[in-house]
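Asks: just a sequence and a predicted model for now, questions to come.
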Amino acid sequence: MNIGLIAHDSKKKLMQNFCIAYRGILNKHELYATGTTGRLIEEVTNLSVHKYLAGHLGGEQQLGSQIETNEIDLVIFLRDPLTPRMHEPDITNIFRLCDIHNIPLATNLATAELMVKALERGDLEWREIIK
């Protein structure tokens, strides 16, 4: 499965810790991340991550393009809802595209953990049928 990973600046350390904790599950899948998040994940986990541009430089749009073409199966977007973003439309677009294309989306640690455990159990194998 192809997993998209995005984290706002205040959540990047949390994303690193999440990927360390679930490295055994994540290493069985293809990981895609915005630039800085991807680099930080690779530094602490030795996981291979396909990196887009930084989110505010178009990385979120690149991920959105892959969602539109049904190339992403799950998105984990650890976001900071309390800090306004200049590129908020790009962020909102990721949510909209996930809804349109029926892509599971986790926006906080609790749902991210549920999704990765569901992934491990095979609960998301229906995505393979859709492709």
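Replies: Sure thing, it's come through.

Asks: what is the burial count for residue 39?
Replies: 14 (other CB atoms under 10 Å). For every residue, glycine as well, the C-beta is placed using N, CA and C.

Asks: actually residue 118, not the one I wrote
Replies: If you count neighbours by other CB under 10 Å, residue 118 ends up with 13.

Asks: which SSE is it in?
Replies: helix 109-121 (DSSP states H and E).

Asks: now swap in residue 5 and tell me
Replies: Under the criterion of DSSP H and E, residue 5 resides in strand 2-7.

Asks: need the next SSE after that strand, C-terminal direction.
Replies: Elements were assigned by DSSP H and E; along the chain past strand 2-7, the next helix or strand is helix 12-21.

Asks: what are the buried residues along that following helix?
Replies: Residues 12, 14, 15, 16, 18, 19 are the ones in helix 12-21 that count as buried (16 or more other CB atoms under 10 Å).

Asks: on that earlier part again, so how far is the helix holding residue 118 off the chain centroid?
Replies: Centroid separation for helix 109-121 versus its chain: 12 Å, with CA atoms, centre = their mean, to the nearest Å.

Asks: contacts for that helix next, please.
Replies: 1, 3, 14, 18, 22, 25-26, 29, 74, 76, 78, 104, 106, 124 (CB atoms under 8 Å, 6 or more residues apart in numbering).
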